[in-house]
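Student: I need the structure of the sequence given here:
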Amino acid sequence: MTELLRLRLPTDNAFVSVAREAVVSVARKLRFPEAEREALRLAVGEACNNTVEHGDERGMLTLRCLHDYEFLIVEVSNAGEGALPSSPAAMPDASAEGGRGRALMEALTDSVEYVVGEGETTVRLKKRLPLS
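Tutor: The predicted structure follows:
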């Protein structure tokens, strides 16, 4: 597995766009079509927003992009041990104010993994690399 990018950013809404644009740049370099780059932008934004909302407000998040010749893997990690989801996310009612993040991440990527342990929570998004 090859690491393509690693960023440490404050858990602050002002830096979510930095994370999104960094991932889109990596996806562009790997020749993802525009629609797939936009799907990644939204999924990464949701993962970062969840970190900002549920993480330590004075903490940091780590964004990593890796690839294994089959997938682009994007990891968003922060300090703290969150709860592991027990089932796939369901999209909430249209009138709900929130709760769409997990459902969007799961719909926009090939897989979403949640890793909790050793004082850290990681959301791992996988998107199949485009065929050359």
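Student: next, the nearest residue to Ala27 once chain neighbours are set aside: phi, psi?
Tutor: Using C-beta to C-beta, 6 or more residues apart in numbering and skipping residues adjacent in sequence, the residue nearest Ala27 is Arg37, 4.6 Å away. To be clear about C-beta, it is placed using only N, CA and C from the backbone, and glycine gets the same treatment. With angles defined as degrees, to the nearest 10, Arg37 sits at phi -60, psi -40.
Student: how near is Arg31 to Arg37?
Tutor: According to C-beta to C-beta, to the nearest Å, Arg31 and Arg37 sit 10 Å apart.
Student: these two: which is more packed in?
Tutor: Arg37 (19 against 12; other C-beta atoms under 10 Å).
Student: list the contacts for the more buried one?
Tutor: Each residue near Arg37 by C-beta atoms under 8 Å, 6 or more residues apart in numbering is listed here: 24, 27-28.
Student: quick one, grab the pLDDT at it.
Tutor: On pLDDT, Arg37 comes in at 97.
Student: what's the distance between it and Glu21?
Tutor: The value you get for Arg37 to Glu21, if C-beta to C-beta is used, is 10 Å.
Student: repeat for Arg124
Tutor: 20 Å.
Student: go on, Gly119?
Tutor: Taken as C-beta to C-beta, the span from Gly119 to Glu21 is 28 Å.
Student: looking at those two, which has the bigger crowd around it?
Tutor: Per other C-beta under 10 Å, whichever of Gly119 and Glu21 has more neighbours is Glu21, with 12 against 8.
Student: name the nearest residue to the more buried one, ignoring sequence neighbours.
Tutor: Arg41 is the one closest to Glu21 (C-beta to C-beta, 6+ apart), at 7.9 Å.
Student: Leu125 - that's part of a strand, no?
Tutor: Yes: counting by DSSP: H, G, I helix; E, B strand; the rest coil, Leu125 is found in a strand.
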